[in-house]
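> Task: produce atomic coordinates for the following.
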Amino acid sequence: MMLKDLKTNRTTFLGEVVSGLIMAIVTVPGDLANGLLAGVNPVHGLYSLIGGTAVAALFTGSVIMNVDSTSASALATADVMRGFPVEQHFTVLVTLGLLVGAFQVLFGVLKLGSLINFISNAVMTGFLTGIAALTILGQVGDLTKYASAASNKVFRAVDTLLHPSEIDLPTLAIGVVTMLAVFIAGRTKFGRFSYAIALGMATLLVPLLDLSTVTLVGNTTDIPRQLINLHLPDVGLIPTLFGPALAIAIITLVQAAGVGQAIPNPDGRYPDPNKDFRGQGLANLASGVLGGIPVGGSLSGTTLLKSCGGVGRWSNIFTALFGALAVLLLAGVLERLPLPALAGLLVMVGIEMFNPRRIATTLRTGRVSAAIMLLTFLATLFLPIQSAVAFGVLLHVFIHIYRSANQVRIEHFVLTPDGGLDEMDRPPAQLASNDVTILHPVGSLFFAGAAEFESKLPDVGQAERPVVIIDLRDRDELGSTFIRVLERYAARVQARGGQLMLTGVNDHVQDQLADTELLRLIGADNVFKAQARLGASMIAADAAARAWLHHATTAKPGDAATSALGAPHSP
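Predicted structure coming up:
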C-alpha cells in the first residue's frame with residue numbers, strides 16, 4: 001500500500017471528497033449499464049466499483065488512475081457468460097474475476113510490463129473501435145424490446161431493422177430521450193452530470209406518462225440490499241475459464257497502460273506499469289470475491305476524475321464509498337431504472353469511445369497498419385473478444401516477420417588503398433576467384449530474415465579460392481536458423497578451396513559459435529572479435545585473407561599450403 005500517497009491536507013481532502021461524490025453520481029449509472037452489457041444483474045457493475053476501484057486506489061503505481069469495469073471487460077465477460085446457464089453466472093463471475101486478478105498479479109511480480117509493447121497501436125485502434133461498435137449494437141434489443149434470434153450483435157441489429165413492426169415505440173422513445181438528454185446536458189455547465197441527469201429524467205418519465213410496456217431493472221432482477229457478501233470460486237471452472245481470463249487480463253492491462261502513458265503522477269513521473277499490473281490484479285481479486293465484473297484502468301474515468309478536481313488516491317476511494325452507499329440506500333430506486341435508459345447511456349458511451357483522430361492517424365500511417373486495424377475491427381465484431389485480440393496480435397506478428405524478412409539487405413564493402421572501406425551499390429551476384437568479398441547484413445536475421453539473407457548472398461559458382469568476410473557488428477545474438485545458413489554457405493565456399501570469415505563478433509556471439517558446428521567448420525582463427533574502432537576487425541580480416549590468398553596462389557605444387565586448405569590467422 002502506498003501510505004505516503006494517502007497523506008493530505010484539509011483543503012485537498014475536501015476536494016477529494018467532492019470529486020469522489022461527483023464521480024459516483026456519474027459512474028453509478030455507467031456501472032449499472034456495464035452490468036447490463038455483461039449480461040448479468042446490473043448490480044454486479046456496482047460490485048466492481050465497490051471492490052475494484054477502492055483496492056486499486058491503494059495499490060496501483062498511478063495515484064489518480066480510475067480502475068472500474070469498462071465496456072471492453074463487460075463485453076468480454078458477456079462472451080464468457082453465453083456459454084453458461086443463467087443460474088451459474090454468479091459463480092462464473094467470481095471464478096473469472098479471481099483468475100483475472102491472479103494473472104495480473106503474476107504479471108506484475110514477474111515484471112512483465114514490457115509485454116504491452118506487443119500490442120501494436122493498429123491492433124488496439126481496431127479493437128477499441130470494434131468495442132465501441134459492439135457497445136452500440138449490443139443495445140438494440142433493450143432499445144427496441146425486440147428479441148432477435150440472430151447469433152451475432154451485427155446480425156441482430158440488421159434483423160431488428162427488418163422487423164420494424166416488432167419495435168415497442170415507448171421503449172424506443174425512452175432510449176432516444178435519454179440519449180438526447182445526455183447530448184444536450186453535456187453541452188451545458190452541468191455537462192459532468194449529463195449521464196445522471198438523463199437517467200433521472202427517463203426514470204421519472206416512465207411513471208408520469210404511464211409507459212407500462214417499458215421494462216424496468218426490477219422487472220428482470222432484484223437488486224440485493226446487502227453490501228458485502230464474500231464468495232469462493234468454483235475450482236472445477238478454472239480449466240474452462242483459463243483462456244478467457246488470460247485474455248481479459250491482457251485486455252484490461254493494455255487499456256490501463258494507455259492511461260499510465262497519458263497521465264503522469266502529480267510528481268511528473270509516469271507510473272511503473274508493473275505496479276499498475278499488481279494493483280489491478282489485487283483490484284480484480286477484490287471485485288471477484290464480491291461477484292463484480294473484471295475491472296481495468298479507464299482513460300475516460302481518469303480524465304473525468306481529474307476534471308472533477310481529483311488529485312490523488314482518496315478521489316477513487318470516495319468514489320467507491322459513495323457507490324457502496326448507493327447499494328445500501330438506493331436499491332429500490334435502482335430497481336425503477338428503465339432498461340432502455342441504461343441502453344441509451346451505453347450507446348452514448350459507445351459513441352464517445354470512437355476516436356476519429358486515432359483512426360485517421362492509423363489509416364495514414366500505411367497500408368499495413370490500416371489493414372491490421374480494419375481486420376482487427378472486423379474480428380472484434382464477429383469473433384469472441386479474446387479471440388479478436390489474439391487474432392490482431394498474431395496478425396501483426398506475422399506481418400512484422402514478413403516485413404522484417406523483406407527489409408533484409410546486404411552491404412558490400414571494398415578496402416581502399418588508404419586503409420579505409422568504401423560501400424558499393426550492391427553485393428556481386430557471384431564470387432570472384434582469388435579475391436576477398438566483404439559483406440555486412442542489415443535487418444533482422446531471425447526466422448524468415450535468415451532465409452532472405454541466404455537468398456541474397458553472392459553465388460559461389462565456379463570461383464576458385466574465394467574468401468568471404470561477413471561482418472556481424474551490432475549483432476548481440478545469432479539465431480539457430482542464421483547459424484545454419486552460415487554453415488551451408490561456408491561449406492559451399494570451402495568446396496571451392498575458399499574460406500568464410502566472421503568479423504565484429506562480440507563475446508556472447510563467440511560463445512554461441514563455440515557451441516555450434518560453425519566454429520569447428522571455419523576455424524577459430526577465422527573469427528575476428530569486435531574492436532573499439534569501427535571497421536577495424538574487417539580491415540584485419542581482409543589483410544589476413546589477402547596474405548593467405550597470396551601464399552596459396554604463389555606456393556609451388558606439393559607444398560603443404562596448397563595440398564590442404566590453409567587458414568588465415570588474425571594478427
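
> Mind pulling up the pLDDT for the spatially most central residue of the chain?
Central residue of the chain (CA atoms, centre = their mean): residue 119, 3.2 Å from the mean position. Looking at residue 119, its pLDDT is 70.

> is it true that it touches residue 255?
No - counting by CB atoms under 8 Å, residue 119 does not reach residue 255; the two are 10.0 Å apart. To be clear about C-beta, it is placed using only N, CA and C from the backbone, and glycine gets the same treatment.

> about what we covered before: for the residue nearest to the residue nearest to the centre of the chain when sequence neighbours are not counted, helix, strand, or coil?
Leaving out its chain neighbours, the residue that sits closest to residue 119 by CB to CB, 6 or more residues apart in numbering is residue 254, at 5.0 Å. Three-state call for residue 254 (DSSP: H, G, I helix; E, B strand; the rest coil): helix.

> quick one on the thing from earlier: let me see the contact set for the residue nearest to the centre of the chain.
250, 254, 389, 392-393 (CB atoms under 8 Å, 6 or more residues apart in numbering).

> for residue 506, same thing?
With CB under 8 Å, 6+ apart, residue 506 has these contacts: 475-476, 529-530.

> same check, this time on residue 27
49, 68, 301, 319, 323.

> What about the contacts of residue 119, which are in helices?
250, 254, 389, 392-393 (DSSP state H).

> Closest to residue 436 out of those?
For the ones in helices among the contacts of residue 119, the minimum distance to residue 436 (CB to CB) is 44.8 Å, reached by residue 393.

> does that closest one really touch residue 123, like I thought?
Yes - using CB under 8 Å, residue 393 and residue 123 qualify as a contacting pair, with a distance of 6.0 Å.

> Who has more neighbours out of these two?
Remark: of residue 393 and residue 123, residue 123 carries more neighbours, 28 against 19, as counted by other CB atoms under 10 Å.

> Where does pLDDT dip in the stretch 201-350 of the chain?
Within the stretch 201-350 of the chain, the stretches with pLDDT under 70 are 224-228, 258, 261-262, 307-308.

> any idea how far the residue nearest to the centre of the chain lies from residue 277?
Residue 119 sits at a distance of 14 Å from residue 277 (criterion: CB to CB, to the nearest Å).

> now do residue 33
For residue 33 relative to residue 277 (CB to CB), the value is 27 Å.

> Show the residue spans covered by the helices in the stretch 401-550 of the chain.
For the stretch 401-550 of the chain, the helices defined by DSSP state H, counting those that start in this stretch cover 448-456, 480-495, 507-514, 517-522, 536-554.

> quick one: which of the ones you listed is nearest residue 419?
Judged by CB to CB, the one of the helices of the stretch 401-550 of the chain that comes nearest to residue 419 is helix 536-554, at 6.5 Å.

> Please name the residues that touch residue 409.
441-443, 456.

> From residue 361, how far off is it?
29 Å.

> do the same with residue 234
Applying CB to CB, the value for residue 234 to residue 361 is 44 Å.

> quick one: the helices in the stretch 151-300 of the chain?
Going by DSSP H, counting those that start in this stretch, the stretch 151-300 of the chain shows helices at 153-161, 169-185, 194-208, 217-220, 238-262, 273-290, 299-307.

> any idea which of those is most buried?
helix 273-290 (a mean of 26; mean count of other CB atoms under 10 Å).

> If anything else comes up later, I'll come back, but that's it for now.
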